[in-house]
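Peer 1: Below are the sequence and a predicted model for it; my questions follow.
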Amino acid sequence: MARRALPATASTLIALTAIATLTLTACGGGGDAKSADIKGADTGAATPTVSASAGSGQPDLSLPSDVHVEFDVTQPSDARHAAALSSAKNYILALKHGITAQDPKDPAYQLYSLGNATKYAQKQIQAWVDGEWTATGTDSYYKARTDNVGGSRGVLVTMCRDQSKSYGKNVKTNKIKYTKASLDDYQEFRLLMASPQDAQKIWKVLQIEVQGRVKECQR
């Protein structure tokens, strides 16, 4: 598994946008989960390494000391887009937390996702668990942008990822599988975000596409 978590899906940006209206209409959501303001996950530009701690009514997004997630992004001035971006970042953090906690049913990613995005996170975490891998090193996200979709009911969040300093570590031997940096390390994340439904105040990921080997994300 090494650092190749979250491989590219077969969908495209066009497909994500085309299904936005239908998906957003049916997304509903569920439960009475309260809005989670995770410390360090919604700051502005040049966000430092994030290792959020659990609080009352908040999911645990804390990470081991050898695992870091960095967000070097500028928070949008539009309040809707800013909230959508914050939840997208929390979803990414939740994926990493689920991997390091070795829990395919971790409640953190479930709070920040619906439908296919929930299934995607569970499948990714399960693959790491089945392979007896956990994560170590640093993941970096940058070049974020946000766009309205689905008649302005949703927001598409796009970010670049650099995983050249992120590796897999065997949970039994603690042996790290180092890999040589290459174009494979650069990905583009596209997350279709649904606005809060009913009593919920949390933007949630409905669909996720991860495009691999993206030259435009190299730095």
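Peer 2: Thanks, I have the structure now.

Peer 1: Report how many residues lie close to the closest residue to residue 161 other than its chain neighbours.
Peer 2: Sequence neighbours aside, residue 187 is the residue nearest to residue 161 in space, at 4.4 Å (criterion: CB to CB, 6 or more residues apart in numbering). Placement of C-beta: from N, CA and C, glycine included. Residue 187 has 23 neighbours, counted by other CB atoms under 10 Å.

Peer 1: how close does residue 187 get to residue 105?
Peer 2: Residue 187 sits 25 Å away from residue 105, going by CB to CB, to the nearest Å.

Peer 1: Contacts only, for the residue nearest to residue 161.
Peer 2: In this structure, residue 187 makes contact with 6, 8, 160, 161, 163, 210, 211, 212, 213, 214, 217, judged by CB atoms under 8 Å, 6 or more residues apart in numbering.

Peer 1: Please name the residues that touch the last one.
Peer 2: It refers to residue 217. 143, 160, 161, 162, 186, 187, 188.

Peer 1: what's the pLDDT at the last one?
Peer 2: In other words, residue 188. We have a pLDDT of 98 for residue 188.

Peer 1: now do the fourth one
Peer 2: Predicted confidence (pLDDT) for residue 162: 98.

Peer 1: and it, what element?
Peer 2: Assigned by DSSP states H and E, residue 162 belongs to strand 154-170.

Peer 1: How about the last one?
Peer 2: Under DSSP H and E, the secondary-structure element containing residue 188 is strand 186-194.

Peer 1: Render the CA-only coordinates of that strand in CSV, please.
Peer 2: Output of strand 186-194 as CSV, limited to C-alpha atoms (Å, rounded to 0.1, in the frame of the first residue of the first chain):
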residue,chain,number,x,y,z
TYR,A,186,1.2,14.4,-7.5
GLN,A,187,-2.6,14.1,-7.5
GLU,A,188,-5.6,16.4,-7.9
PHE,A,189,-8.5,15.9,-5.5
ARG,A,190,-12.0,16.9,-6.6
LEU,A,191,-14.6,16.8,-3.8
LEU,A,192,-18.3,17.6,-4.5
MET,A,193,-19.6,19.2,-1.3
ALA,A,194,-23.3,19.3,-0.3
